[in-house]
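Q: sequence-free structure coming up:
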């Protein structure tokens, strides 16, 4: 793969990496750098990871190994709206599994998938620490508390601005 | 005063000069929560509404202040109102609509809006609130005797009883209560006066003076622990807090987590200044050893010994690390502290770094906690600007900097060796120990890793003394523990109690009992590494050893209450799914063993279990416990093994009778419509996400079983109890 | 050093401080079962097979990493330990294909041996198992993730010994899989084809790309003239495949075995090695005279060449343009030999027996093929494959009578034999170059400065009135150390020998799996193989390549002189920058 490393990534990220490389133990910033890349582009593409590996002088296999180890990193673009069901213990006890089922059947996708039209992605998270308001769902970082399966169609419509 | 303390006082003065809106000097303060949970409940909108009203009122003596989480999650957003010479009042479930009323009636008019007060069961306001101190069960008995006597004497003196609320509270910092055997402590609001007495004559004098003549009887006044007093005076009378002893959460919900000024005004960084002035790192370690503090991250390793072994290592480069990778899916103690009191963690780490000779610290925090990250970043920057972090802190030889490192969603990174690898930018897979981190840690140097709660206990120990700290708790478990109380509980939220408090006290006295009046079935502590404690063991005190003895663990502090509708097999499966998903994949027993255990549980919950499956679960569980590489693996089978230990008959019902006694396991149940009860309202059919309910209006409906996904919507929707779950 | 006293299985043991329990047990003759452990690699502690019971410990301890402590009481074989080990091996088997009988490693598989030794006689926990397609893209190495037990030996050897970092565990938990970056195929990766992953794999998750089928077919084809030549290191290692003591030279039985298999002519790659020295010494002398592109980097090791093209393309001008001995000899076979024998080169089928998986890739490099694009070498068999063919035929190797190579391409000097070990090419080159440079005869032929099998050697050697700074590296992590010095111009070397594999070709990725009781790549085995080669060299009359009479004859009658146009056409090559670039 022939890519121009400097142009694959945004200038801001190149500068961030450069700053990391000035510090002690520069390669230890890999996770932070990947986090920045994902923040910017929404996911980690092959080209991005390749560029990060070469600029930081970290074997590409290690970069990919890290990217696939942590749940936080996504290797595929996500939908316009991200729906995330908390599957922490408190939420589970309060019926999060049923809420999840409702989202799955309403959107016709499974966890980790994006609808064909690229509008919705469905994920589950491990405890947002909002256990007192269980079960909770986040849609585009907005937290909805005490969600019931019956509310699901309404939440989806609300997100679509209907 | 020495040079360093002078320098600290100068910093403090500089910070406080512009201290108009700190608690001590501001005339009227409106506190609005700003933690993730508060925001989820709508605190931001509430705050904006207050700001709007305040602007319109043109008042300059009213201040709005953000705080962290009070721990009273199910009643959020919570708003505190502080008027001079008045009870501090906390309002619950405040909405934009209610803001108007609170602002007009209370803040401008001075009259509390009683029905909106947190945990208020009556509409009445008392003239006084009296709390009797108690620490242990024995003392509770004695305190309640005094409470009875108090009521009798009120009658004798003709003080109308209904103007006074009296109850048994926490220790009030008077422990051991009744220092001379039979004395009792009594806190009176709103004067915030503490009396200590041991005879009925004294009690009579207090009542005469305080409640009849309305004069404080100074001769009977007692010195209350400053920390406790501060908390009580700031929180006012809320039953939820009265049994708690807040050390770790001392500032959560009280100070502005984004204001170093606020932290310093509340004794912050004084311990560090004193320790630096003293210049004896070993004294700090000695204090931590003496305090008996044990790691709050789960395993309960003595913190002082850990520090000592790092000190004993000749390597001149050392590190301190704060493990803020709170991964237990049902616990959020650390988030609350990170969001509500980030400075105390920095403070604790600075003390630890000085003690072991480290000049660099890392805080490893979950990326899932964006607000915590922002607050930590901001707190670190403020400390650096104030010279409390950085080179030659307060003019001493001690230099210390802190860097944030973000986790990226891996439960296993809570394990210390995995955490270290993650900090170095690698896959967070645990490494074999020894060498332990205190021998070879980050980049090969000795490293002390403690969790958030442990670090935030350090300033308290140093400030108030090891002996003071060691008085709280039990013989082998000192201090307090924060629990995230959730599940089927009336008052879900954060509670901090002295070690040795029983589960019963936490669930019933603080938590208000099981939700919807149902029966307690079990309490799950320690999350995916812990176990289920059955209801008949509810008098188990919470300390490291007692919880281990009943097959669970203290863990980081998750506490999930389960009622008689919860299926223990499904719970076991839930936790195993979690650990299976979070297994790093390195060692065989955890990677392969949990998969097989999960398969067996899947079989059992699907009604395909075989009698020998239960023995297999136990064999695999013990294998994984005994042979796994790291603590995550070694504790992964706990939820299953403890469920098997206490609820074996429930497993047997699934296996032998192919039935789920709680009707939770969807593959073992069916939804049927009782044609005699169904009136054909069509509501269930409209709620069904897969359109598997057929029937015409005003005629009994029918569930087409082949298509049913058992979501239970119909069951929940039916207003005529016509849907049966069988 | 402080001594520690402990009790293992009731016996008192004294060991030095920092000894692990596994090592301590070995001192009293207890071999604790193990799987992920390898003495030359970092401690992984992942398989948990080597657990022991330590009195007072809450859990079983991995003996590979637990240090012995004073007064420790250890049980290596309690009923609980035996059950736990049995169950652990079963758990591995449960996620492993149950196709042992049709697996290439049947009978030589560490997992299979363990399951037998630990008494896994029935399955208690069997359930779902992972499924992955076999990954066949590489010309040298086949990856079969279904058979992978995630011991990470391959990942560690690839990173720690070879510095290639091509393999890594991706994903996590039960989804964990070992692949190159982006889960790309091996062919698209920075894999250098050294085959060390094949060596260290306890199962058949990594294997060489099999060439035996096509060789059987060629041998049975009456239209073909099938010739074979064997690499220097084969003779020192092949015996192990037939139960001979490591380090037993078996040149002559191998020749006989090859004839019995049906090869029409049996030549010696050594002849190519002598030829390589002629060309390389010439190249060295001319570079020393011009002072350009120094140091000269040797180019015999196919894995190293691919490594250079991915990781150090800037150093390509330094690499010798000489083909490897194998490629030189194969080129001669389809030109010089074909011409001499009057055989159509298209009817000559050339097989080479190599210690190496990378050679399977080397023969397909376009620049190493004939002008019409067909390869000079038609098939490469690893030592392991040849052992299997001999066994498959039913030949009793140990009882075979001695054979003789065919001439002229079967005669070699002692200098060629030592090509098979690290430092050998250096020594062989020095023997010839020294005489070329000084014009005087060399009396002491043994350059012991560059012998011994450790990974990295630097030496300054006086030749006449000049001093040559040389370096020898085996294992690519060691090579990186030298190459970084070269790159940084930190030290001026004149000649650097690099071999991709630990110990050189004798530790190649195609050598026999170790005999019972030895770990893979055991240092002692490597040392014995090296000693065998030095012994062969020592015993020869002619020990300098330029004194090989057939080589002289070849130059006189066919090539002209070293570095001639004809020599360049047949014996030299060039290199290209290769993507993906290595880091």
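A: Received, thanks. Model, not experiment: these values are computed from the prediction.
Q: got any ranges where the stretch 451-583 of chain C has weak pLDDT?
A: Within the stretch 451-583 of chain C, not a single segment meets pLDDT under 70.
Q: close to chain A: what parts of it are there?
A: C:579-583 (CB under 8 Å from any CB of the partner chain). Backbone N, C-alpha and C define where each C-beta goes, glycine included.
Q: ok, those vs chain B, which is closest?
A: Nearest to chain B, judged by CB to the nearest CB, of these is residue C:583 at 14.2 Å.
Q: excluding sequence neighbours, find me the nearest residue to the closest one.
A: residue A:59 (4.9 Å; CB to CB, 6 or more residues apart in numbering or on different chains).
Q: kindly report the same for residue B:367.
A: Using CB to CB, 6+ apart and skipping the chain neighbours, the partner closest in space to residue B:367 is residue B:406 (4.7 Å).
Q: bridged to that neighbour, which residues?
A: Listed by DSSP bridges, the beta-bridge partners for residue B:406 are residue B:365.
Q: so it sits right up against residue B:365, yeah?
A: Yes: counting by CB atoms under 8 Å, residue B:406 touches residue B:365, with 6.3 Å between them.
Q: any idea how chain B splits into domains?
A: Listed by automatic domain parsing, the domain ranges of chain B are B:27-60+B:79-116, B:128-237, B:260-467, B:480-566, B:569-656, B:670-725.
Q: closest to residue C:66 out of those domains?
A: Evaluated over those, closeness to residue C:66 peaks at domain B:260-467, with 7.3 Å, by CB to CB.
Q: now the strands for chain A?
A: A:81-86, A:120-125, A:137-139, A:142-144 (DSSP state E).
Q: the third one vs chain B: in contact?
A: No: Strand A:137-139 lies apart from chain B when judged by CB under 8 Å from any CB; the minimum separation is 8.6 Å.
Q: now the last one
A: Yes: remark: strand A:142-144 sits within contact range of chain B at A:143-144, by CB under 8 Å from any CB.
Q: just how off-centre is that strand within its chain?
A: Centroid displacement of strand A:142-144 relative to its chain, using CA atoms, centre = their mean, to the nearest Å, is 16 Å.
Q: show me what counts as buried in stretch B:514-533.
A: B:514-515, B:520-533 (16 or more other CB atoms under 10 Å in any protein chain shown).
Q: now whatever residue of chain A ends up closest to chain B: closest residue in space, sequence neighbours ignored.
A: Across chain A, no residue is closer to chain B than residue A:132, which sits at 2.2 Å (CB to the nearest CB). Sequence neighbours aside, residue B:73 is the residue nearest to residue A:132 in space, at 2.2 Å (criterion: CB to CB, 6+ apart).
Q: quick one: contacts for that neighbour?
A: Counting by CB atoms under 8 Å, 6 or more residues apart in numbering or on different chains, residue B:73 touches A:130-133, B:37, B:486, B:492-494.
Q: can you put these in JSON lines and add pLDDT and neighbour count?
A: JSON lines is the format used below for these (pLDDT from 0 to 100; neighbours: other CB atoms under 10 Å in any protein chain shown):
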{"residue": "A:130", "pLDDT": "75", "neighbour count": "29"}
{"residue": "A:131", "pLDDT": "75", "neighbour count": "33"}
{"residue": "A:132", "pLDDT": "74", "neighbour count": "28"}
{"residue": "A:133", "pLDDT": "80", "neighbour count": "24"}
{"residue": "B:37", "pLDDT": "81", "neighbour count": "33"}
{"residue": "B:486", "pLDDT": "89", "neighbour count": "32"}
{"residue": "B:492", "pLDDT": "85", "neighbour count": "28"}
{"residue": "B:493", "pLDDT": "86", "neighbour count": "26"}
{"residue": "B:494", "pLDDT": "88", "neighbour count": "32"}
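Q: state the pair within those that is farthest apart.
A: Among the contacts of residue B:73, A:133 and B:494 lie farthest apart (CB to CB), at 13.2 Å.
Q: what's the local residue count around the residue nearest to residue C:583?
A: 21 (other CB atoms under 10 Å in any protein chain shown).
Q: tell me who's in contact with it.
A: Residue A:59 neighbours (CB under 8 Å, 6+ apart): A:53, C:159, C:165-166, C:168, C:181, C:582-583.
Q: which two among these are spaced furthest apart?
A: A:53 and C:159 (14.4 Å).
Q: how about low-confidence regions in chain B?
A: For chain B (pLDDT under 70), the answer is B:1, B:18-26, B:120-125, B:134-140, B:169-182, B:224-240, B:242.
Q: most proximal residue of it with respect to chain A?
A: Using CB to the nearest CB, the single residue of chain B nearest to chain A is residue B:73, 2.2 Å away.
Q: quick revisit: give me the common contacts of residue B:406 and residue B:365.
A: Both residue B:406 and residue B:365 are contacted by residue B:373, under the criterion CB under 8 Å, 6+ apart.
Q: tell me which of those two has more neighbours.
A: Between residue B:406 and residue B:365, residue B:365 has the larger neighbour count (other CB under 10 Å), namely 26 against 23.
Q: so what does the closest residue to residue B:47 other than its chain neighbours look like in phi/psi?
A: The shortest distance from residue B:47 to any residue other than its chain neighbours is 4.4 Å, reached at residue B:32 (CB to CB, 6+ apart). For residue B:32, the backbone dihedrals (degrees, to the nearest 10) come out as phi -120, psi 130.
Q: these two touch, right, residue B:32 and residue B:70?
A: No: contact criterion CB under 8 Å: residue B:32 and residue B:70 do not qualify, at 10.8 Å.
Q: who has more neighbours, the two?
A: Taking other CB under 10 Å, residue B:32 and residue B:70 do not tie; residue B:70 has more neighbours (31 against 23).
Q: for that one, helix, strand, or coil?
A: Three-state call for residue B:70 (DSSP: H, G, I helix; E, B strand; the rest coil): coil.
Q: which residues sit in contact with it?
A: Counting by CB under 8 Å, 6+ apart, the residues that residue B:70 touches are B:33, B:78, B:90, B:252-253, B:493.
Q: how is chain A divided into domains?
A: According to automatic domain parsing, the ranges for chain A are A:5-69, A:81-159.
Q: all set now, cheers.
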